[in-house]
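K.L.:
fold the following.
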Amino acid sequence: AVWNFPRTKEHHLPLQIGEMVHILQASEGWYCGYSLRNRAARVAWACRRLWLPPGLFPASLIRLKGAVVEQRGVEESVVPSEMPMVQEITTTLREWATIWKQLYVAGQTERYGQVKRMMQELMEQRSQLLSGTLPKDQLLRLRKEVTGKMDYGNKILALDLVVRDEDENILDPDRTSVISLFQAHRRAAQTLSQRIQEETSSQQRAPGHGTHGAASPSHNLYLCVRNFVCHIGEEAQLFMALYDPGEQRIISENYVIRWASTGVPQDIELLNNLKVVFTDLGSTDLKRERLFLVCQIIRVGRMDLRDSHSRKLSTGLRRPFGISVMDITDITKGTCDSDEDKQHFIPVHLVAADGDFLHNMIRKAVEGKDINHKGQGLWVSLKMLWGDLSQVRKDHPHLVDRSTAVARKLGYPEVIMPGKCDVRNDIYLTLVQGEFDKGNKKTQKNVEVTVCVCDEAGNVVQNVIHAGAGDSPTSHYRSVVYYQQRHQRWMETLKIAVPIEDVHRTHLRFTFRHRSSSDSKDRSERIFSMAFVRLMRPDGTTLRDGEHDLVLYKGDSKKLEDASAYLSLPSERNVSESKLLSGSSFRVSGAAAALAASSRDSFQISTLVCSTKLTQNVNLLGLLKWRSKPSLLCGNLQKLMNVDGGEVIKFLQDTLDALFSIMMEHSETDVYDTLVFDALVFIVRLVADRKFQHFNTVLEAYIRQHFSATLAYKKLLSVLTQYVEQAGRGEPCEPLPRTFKALEYIFKFIVRSRHLFAQLYEGKEVAEFQRSLQRFFLALNQLMESPLEGPTLLSQ
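P.N.:
This is a model prediction of the structure:
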């Protein structure tokens, strides 16, 4: 039954959703039958004593399943015609569901949550079994996992112990001897006791996390801002993020809240709904010595709140107001409970002097003591959530819904998950600091930096700049203005999300302007300097991660925004430019003659590229585009082994395609065979790493669906046999131990390649394939029989 059916007439059969029925007759949209719960009706029907008549129920409420009716004496047994493991999961879930509801009523929340998680996992695994798409080895692993979970659940719920044979099938007591049953019981009981011991010890090792949290590769911090009370008198922007005081840096994207001067969110629909999830936190993040939630408060309005309105003042300036910090180490480590209903108060530290940079204030505040906040601050609720974002949305729909903002970690998560859902092309830009000479002014400048993304023609790319989660993308970003400071330290981070096809032709442009407190003077101020940097380097790789010291250009304000005037000029300072700039400013000849690089001013930014489509590694790029420079192929294959694992995994399919195309296009020569083989072993071993273990399924799918190298089996078998023969002779063969660890996938590639070849050429060269296999196994036998020490012993 897929819907409840109440009994409204005497001959109706009342049904509950999920109930099983045996249909005896069908007529005009109705079925006649009995429920499998009603044992008496089943026996009566089997004996054909119909003093208990079957009931009627609508056909539209029933989903049909094939079944087999088994006769046992006078009693009929209806068994669904699906695999026994699926039937057992179904029965177990029904049995657990009743107890699960009882646990809820009894208030046993911890055991209730544990059973709920196990039931969800069993339902997911049941779907996998029903899909029929799993390879035999994975199917066996899944069966063991499922039976282990069911037996464990039955044990903790004080249900009967189920005994099984080696293939995880339930033993039939009518066909198994008493002694065999006893031994199976003893084995099962020992296995369960061992598992319960492991569960208990893992809970003790990670207090507060529970087994679910400890096993999860991904952790999330849920934050709900309940209220913000502060006497500002103008609009404000709140930038909330996670901060590591040890590294003195923010480790997550910002969550942005725009607060109106009336004391409520600018978007009134967000009132009582200011929620964000900080995602991608790994076990290393939870092991940080200390972790803080920080909030930077920026007011948007006039230069100085004390300025009177007797003259017309410039408005819309982003000015520093204060910061809030809260130590959340105990919450993230699980040493204290995190509860979405508990509210924490975080006081505001107000800016006291013009030279108080917000980032420096955070650094001091995390070490500071209590302050006299006068009731000004934030009220927040915090809770740790386990699993990836889709799992969190499923487990906590009341906390995390589609309207909840998502703030990612700066950089890649500890465990990279495969799939289109995690395709990224983000560049994180931090305005670090700058130093600006006052020039012909009496006092230091009030410098405002404006950031935009431009194409080759100088046109601004629209809506690609994100100040943080929860905020709409913009085309320009304006920095905070610090009053009359020669040395400025902003430390403001924003995300640049340019479409992948546009990255190669775009650049970042930074323009600098002095802002005056008087509106009339402010309007007359022009751009006094400009800097730029391309997102793509000349060799085809992206802008490298880290700090960049940019050249500041001066000149006519129109020329400073003319891409044709500056794109041919150097954007970053290097050693030779530093010498060149050591005197006064130098003039540039040619088309950019109107621009001059300044030696007195300086400006630094920092970038971090998180892209699953663009690489910063010139060696990996060289391999992916090997046809453009075939002379460098040997070097690029060797250098692949030095490329960071995360970078290779991001381009897993592209890298495998490149390796096998090299093999296929050089089928007449063996020049690259060993290098390609070693590279393949390197990739297979990467996938075996815990950090990338989720890519096992991606590699399996690649072999089944995308791999097409029909001649690869010959070359792979040849190199593999050479390595084994070499070790058997006692000669050093350094790659062989690594190769043995990757043997499973090497053979999967060989088998798939041979199948494809046989399909294409109608089974030709069977004898040759058998001989090459025989040669390999003979070499393996000789290696294992060899009495030699050293390399041979290591290989054995």
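
K.L.:
run a quick neighbour tally on the closest residue to L633 other than its chain neighbours.
P.N.:
Nearest residue to L633, sequence neighbours excluded (CB to CB, 6 or more residues apart in numbering): W626, at 5.3 Å. For the C-beta atoms, the positions are set from N, CA and C on the backbone; glycine is no exception. As a burial measure, W626 scores 19 neighbours (other CB atoms under 10 Å).

K.L.:
quick one: W626 and C634 touch, right?
P.N.:
No - when contacts are counted by CB atoms under 8 Å, W626 is not listed as touching C634 (10.3 Å).

K.L.:
that older thread, can you pull the contacts of the residue nearest to L633?
P.N.:
With contacts defined as CB atoms under 8 Å, 6 or more residues apart in numbering, W626 is in contact with L632, L633, N636, A658, I662.

K.L.:
in ChimeraX, how would I select the buried members of these?
P.N.:
Buried residues among the contacts of W626 (16 or more other CB atoms under 10 Å), as a ChimeraX selection:
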select :633,636,658,662
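
K.L.:
pick out the most distant pair among the contacts of W626.
P.N.:
Spanning the widest gap among the contacts of W626 are L632 and A658, at 13.2 Å by CB to CB.

K.L.:
how about the contacts of W626 in CSV, adding pLDDT?
P.N.:
Compiled in CSV, the contacts of W626 are given as follows (pLDDT from 0 to 100):
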residue, pLDDT
L632, 82
L633, 83
N636, 83
A658, 88
I662, 90
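
K.L.:
out of the contacts of W626, name the ones that lie in helices.
P.N.:
Of these, the ones assigned to helices by DSSP state H are L633, N636, A658, I662.

K.L.:
low-confidence stretches in the stretch 601-750 of the chain?
P.N.:
616 (pLDDT under 70).

K.L.:
give me that answer again for 90
P.N.:
For the stretch 601-750 of the chain, the stretches with pLDDT under 90 are 609-655, 657-658, 663-672, 683, 685-711, 726-738, 741.

K.L.:
got the end-to-end distance for stretch 755-771?
P.N.:
Stretch 755-771 has its terminal residues 16 Å apart, counting by CA to CA, to the nearest Å.

K.L.:
can you list contacts of that stretch?
P.N.:
Here stretch 755-771 makes contact (CB under 8 Å, 6+ apart) with F707, S708, A709, T710, L711, Y713, R754.

K.L.:
can you give me the strands in the stretch 601-750 of the chain?
P.N.:
Assigned by DSSP state E, counting those that start in this stretch, the strands in the stretch 601-750 of the chain fall at 602-611.

K.L.:
again, but for the stretch 251-400 of the chain
P.N.:
Under DSSP E, counting those that start in this stretch, the stretch 251-400 of the chain gives strands at 255-259, 274-281, 292-301, 317-327, 344-347, 349-350, 377-386.

K.L.:
list the helices and strands the first one packs on?
P.N.:
If you count contacts as 3 or more CB pairs under 8 Å, 6 or more residues apart in numbering; DSSP states H and E, strand 255-259 packs onto strand 219-229, strand 235-244, strand 274-281.

K.L.:
same check on the fourth one?
P.N.:
Here strand 317-327 touches strand 235-244, strand 292-301, strand 344-347, strand 349-350, helix 358-365, strand 377-386, going by 3+ CB pairs under 8 Å, 6+ apart.

K.L.:
count the residues that sit near I331.
P.N.:
Residues near I331, counting by other CB under 10 Å, number 21.

K.L.:
shaky segments in the stretch 401-550 of the chain?
P.N.:
Counting by pLDDT under 90, the stretch 401-550 of the chain shows low-confidence ranges at 401-403, 411-426, 437-445, 484, 486, 488, 499-504, 517-526, 536-545.

K.L.:
all the strands of it, residue numbers only.
P.N.:
Along the stretch 401-550 of the chain, the stretches classed as strands by DSSP E, counting those that start in this stretch are 405-407, 425-435, 447-455, 465-466, 476-478, 487-496, 506-514, 527-534, 546-550.

K.L.:
would you turn those into CSV with mean neighbour count and distance to F682?
P.N.:
Shown next, in CSV, are those (neighbours: other CB atoms under 10 Å; distance: least, CB to CB, whole Å):
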stretch, mean neighbour count, distance to F682
strand 405-407, 20, 34
strand 425-435, 20, 26
strand 447-455, 20, 36
strand 465-466, 21, 36
strand 476-478, 17, 41
strand 487-496, 21, 32
strand 506-514, 21, 34
strand 527-534, 21, 32
strand 546-550, 15, 26
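
K.L.:
in JSON lines, list the ones you listed along with distance to D341.
P.N.:
Listed next are those as JSON lines, based on distance: least, CB to CB, whole Å:
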{"stretch": "strand 405-407", "distance to D341": "20"}
{"stretch": "strand 425-435", "distance to D341": "34"}
{"stretch": "strand 447-455", "distance to D341": "40"}
{"stretch": "strand 465-466", "distance to D341": "31"}
{"stretch": "strand 476-478", "distance to D341": "36"}
{"stretch": "strand 487-496", "distance to D341": "31"}
{"stretch": "strand 506-514", "distance to D341": "44"}
{"stretch": "strand 527-534", "distance to D341": "47"}
{"stretch": "strand 546-550", "distance to D341": "43"}
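
K.L.:
could you point out which of the ones you listed sits nearest E95?
P.N.:
Nearest to E95, of those and by CB to CB, is strand 405-407 at 37.9 Å.

K.L.:
which residues touch that closest one?
P.N.:
Identification of contacts with strand 405-407 by CB under 8 Å, 6+ apart yields 241, 252-255, 275-279, 389, 468-470.

K.L.:
out of these, which one has the lowest pLDDT?
P.N.:
On pLDDT alone, L389 ranks lowest of the contacts of strand 405-407, at 85.

K.L.:
contacting residues for that one?
P.N.:
L389 is in contact with N220, V277, T279, V400, V406, counting by CB under 8 Å, 6+ apart.

K.L.:
now the two most distant members of these.
P.N.:
Across the contacts of L389 (CB to CB), the longest gap, 10.0 Å, separates T279 and V400.

K.L.:
what ranges does the stretch 51-200 of the chain have for its helices?
P.N.:
84-106, 109-131, 136-156, 178-205 (DSSP state H, counting those that start in this stretch).

K.L.:
how about those helices in a markdown table, adding mean pLDDT and distance to W259?
P.N.:
Formatted as a markdown table, those follow (pLDDT from 0 to 100; distance: least, CB to CB, whole Å):
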| stretch | mean pLDDT | distance to W259 |
| --- | --- | --- |
| helix 84-106 | 89 | 40 |
| helix 109-131 | 88 | 36 |
| helix 136-156 | 84 | 48 |
| helix 178-205 | 72 | 42 |
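
K.L.:
dump those into TSV; add mean neighbour count and distance to V643 as well.
P.N.:
Output for the helices of the stretch 51-200 of the chain, formatted as TSV (neighbours: other CB under 10 Å; distance: least, CB to CB, whole Å):
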stretch	mean neighbour count	distance to V643
helix 84-106	15	42
helix 109-131	15	33
helix 136-156	16	29
helix 178-205	12	35
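
K.L.:
out of these, nearest to I496?
P.N.:
Closest to I496 of the helices of the stretch 51-200 of the chain is helix 109-131 (CB to CB; 37.1 Å).

K.L.:
which residues does the closest one contact?
P.N.:
With contact meaning CB under 8 Å, 6+ apart, helix 109-131 is reached by 82-83, 85-86, 89-90, 92-93, 96-97, 99-100, 103-104, 134, 139, 142-143, 145-146, 149-150, 152-153, 156-157, 211-212, 394.

K.L.:
run the angle between that helix and helix 84-106 for me.
P.N.:
Angle of helix 109-131 versus helix 84-106, following axes from the mean of the first three to the mean of the last three CA atoms, to 10 degrees, is 160 degrees.
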